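Participant: sequence and computational prediction follow.
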Amino acid sequence: MQTLKMTEKLYYSDSHLFSFHAAVLACTGSEDGGFLAVLDRTAFFPEGGGQRADTGTIAGIRVTHVFEKDGVIFHRCSGPVDACPDALCEVDREQRLRRMQNHSGEHVLSGLIYRRFGYSNVGFHMGERCMTIDFSGELSDSDLAGIEKAANEKIRDNIPVTAYFPSPEELAATEYRSKLDLTENVRLVKIDGCDICACCAPHVSATGEIGSIKILSSMRHRGGTRIEAVCGMDALDHFRLKQENAEKISALLSAKQDEIGSAVERLLRLSEEQKLKIAALSMDCASLKAESVADTEGNICLFEDLLDDIAIRELVNRLSGKCRGMAGVFSGDDQTGYRYIIGSSNADLRSCAKAINAGIEGKGGGSASMIQGHSASCAQKIRDFFNAFKLN
Ligand SMILES: [Zn+2]
């Protein structure tokens, strides 16, 4: 590609420019089958500062990614773009506005945490669902509740957000947050009384545009705190989703929406009580089933789907005492196969496990008195094997 002059970055002077005209200087095929278009000026933000690249169209051709190399901004397009002095270019507006709401919201949160606790933002990721921000110190739930409230007060106060390139002297005299030790071309994003931070991304014009900031979760992370947060329209979407879920749970449990927590607690308690009852009933049932089986010189084979594992073990133990051979209990069906537990009070099952597994297309093992595993045979084949097989 011929030497290209640096692209004029329109997103620096106007973060709300979504439709513009520019000259298409070049468009070349890229190795992966895409096309890279270069304009004389662009409002497409390339990825940077934790914010992903814009998408949109150039002369109606889809722009799927944007990146910067040596001051030239490349627009990855889904098709070739003809050279043109005055192409209409459009940035996907809704996506960019949401990203700016989140990114500026992140500056508000990070600025307030830095000012109040002295902790730095040491990691920032803007995901599909929310932002993830890592701070260098531990923050309690009440610390974060205070920060969240203060952040939303900054939104209410609608403070201007300004971005500028300070002179070296100005920069040296300014205290600002920065992840990198840059001294040249540092762009500062300033929110009065809240934050000054080195950042290359486009931001909202005033904090009111962020709409709202909601911290969703926090956890300890590498000696500091990782929070998830969401701002603006994304916060509204998030709230809607939560509300839909709360409405669903509320209707299912016949509980008021602000009481669904205790309603779920009651349900889980009830479920725990029922589990204990079922376990006790299973053991009773295992005893009764064992009693109903006649003593035999051969083997015993039962198919049982209702009992839990502990009760099946108990059943196998009891049946082992009723036969000279082996007692097996199988759970499952012919389509998906059977889980088995086999016991014997007379023979060493460990030494017979290979022969048993061969006879029932099984896999498994265990102790001398009990083996367990899985069988791929059908019920009839398993019964036939138990009728015919003699333990050593
Ligand atoms: Zn930033």
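Facilitator: On my side now, so go ahead.

Participant: now residue 123: how far from residue 109?
Facilitator: Computed as CB to CB, to the nearest Å, the residue 123 to residue 109 distance reads 13 Å. All C-beta atoms are positioned from the backbone trio N, CA, C, and that covers glycine.

Participant: same question, residue 84
Facilitator: Distance, residue 84 to residue 109, using CB to CB: 43 Å.

Participant: neighbour count winner among the two?
Facilitator: Using other CB atoms under 10 Å as the criterion, residue 84 and residue 109 rank with residue 109 on top: 27 against 16.

Participant: show me where the stretch 151-300 of the chain has strands.
Facilitator: 161-164, 188-191, 195-198, 213-221, 224-231, 300-303 (DSSP state E, counting those that start in this stretch).

Participant: make CSV out of these and add mean pLDDT.
Facilitator: As requested, the strands of the stretch 151-300 of the chain are exported to CSV (pLDDT from 0 to 100):
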stretch, mean pLDDT
strand 161-164, 96
strand 188-191, 97
strand 195-198, 96
strand 213-221, 97
strand 224-231, 98
strand 300-303, 97
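
Participant: possible to save these as JSON lines with distance to residue 172 and mean neighbour count?
Facilitator: Converted to JSON lines, the strands of the stretch 151-300 of the chain look like this (distance: least, CB to CB, whole Å; neighbours: other CB atoms under 10 Å):
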{"stretch": "strand 161-164", "distance to residue 172": "15", "mean neighbour count": "17"}
{"stretch": "strand 188-191", "distance to residue 172": "12", "mean neighbour count": "22"}
{"stretch": "strand 195-198", "distance to residue 172": "13", "mean neighbour count": "22"}
{"stretch": "strand 213-221", "distance to residue 172": "32", "mean neighbour count": "16"}
{"stretch": "strand 224-231", "distance to residue 172": "29", "mean neighbour count": "22"}
{"stretch": "strand 300-303", "distance to residue 172": "83", "mean neighbour count": "20"}
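
Participant: now for residue 123 and residue 109: what residues contact both?
Facilitator: Residues touching both residue 123 and residue 109 (CB atoms under 8 Å, 6 or more residues apart in numbering) are residue 133.

Participant: for the residue of the stretch 51-200 of the chain found nearest the ion, give me its contacts.
Facilitator: The minimum distance from the stretch 51-200 of the chain to the ion, using CB to the ion, falls at residue 199 (3.2 Å). Contacts were defined as CB under 8 Å, 6+ apart; by that measure residue 199 touches 49, 107, 163, 187, 188, 189.

Participant: let's see 6 Å
Facilitator: 49, 189 (CB atoms under 6 Å, 6 or more residues apart in numbering).

Participant: can you check which strand is longest in the protein?
Facilitator: What stands out as the longest strand in the chain, according to DSSP state E, is strand 19-29.

Participant: that one packs against which elements?
Facilitator: With contacts taken as 3 or more CB pairs under 6 Å, 6 or more residues apart in numbering; DSSP states H and E, strand 19-29 sits against strand 35-39, strand 84-91.

Participant: okay, that strand in PDB with CA atoms only?
Facilitator: Output of strand 19-29 as PDB, limited to C-alpha atoms (Å, rounded to 0.1, in the frame of the first residue of the first chain):
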ATOM      1  CA  SER A  19     -22.800  10.800   9.800                       C
ATOM      2  CA  PHE A  20     -20.100  12.500   7.800                       C
ATOM      3  CA  HIS A  21     -18.500  12.800   4.300                       C
ATOM      4  CA  ALA A  22     -14.900  11.800   3.600                       C
ATOM      5  CA  ALA A  23     -12.600  11.000   0.700                       C
ATOM      6  CA  VAL A  24     -11.900   7.300   0.200                       C
ATOM      7  CA  LEU A  25      -8.100   7.400  -0.400                       C
ATOM      8  CA  ALA A  26      -7.500   3.700  -0.800                       C
ATOM      9  CA  CYS A  27      -9.100   0.300  -0.400                       C
ATOM     10  CA  THR A  28      -7.100  -2.900  -0.600                       C
ATOM     11  CA  GLY A  29      -7.900  -6.500  -0.100                       C
END
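
Participant: contacts for it?
Facilitator: By CB under 6 Å, 6+ apart, strand 19-29 touches 1, 35-41, 43, 80-81, 83-90.

Participant: mind listing the helices for the stretch 1-150 of the chain?
Facilitator: 10-13, 93-117, 141-156 (DSSP state H, counting those that start in this stretch).

Participant: out of those, which gets nearest to residue 242?
Facilitator: Among the helices of the stretch 1-150 of the chain, the nearest to residue 242 by CB to CB is helix 141-156 (15.8 Å).

Participant: reformat the helices and strands packed on strand 19-29 as a markdown table; add mean pLDDT and distance to residue 277.
Facilitator: Converted to a markdown table, the helices and strands packed on strand 19-29 look like this (pLDDT from 0 to 100; distance: least, CB to CB, whole Å):
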| stretch | mean pLDDT | distance to residue 277 |
| --- | --- | --- |
| strand 35-39 | 97 | 68 |
| strand 84-91 | 96 | 62 |
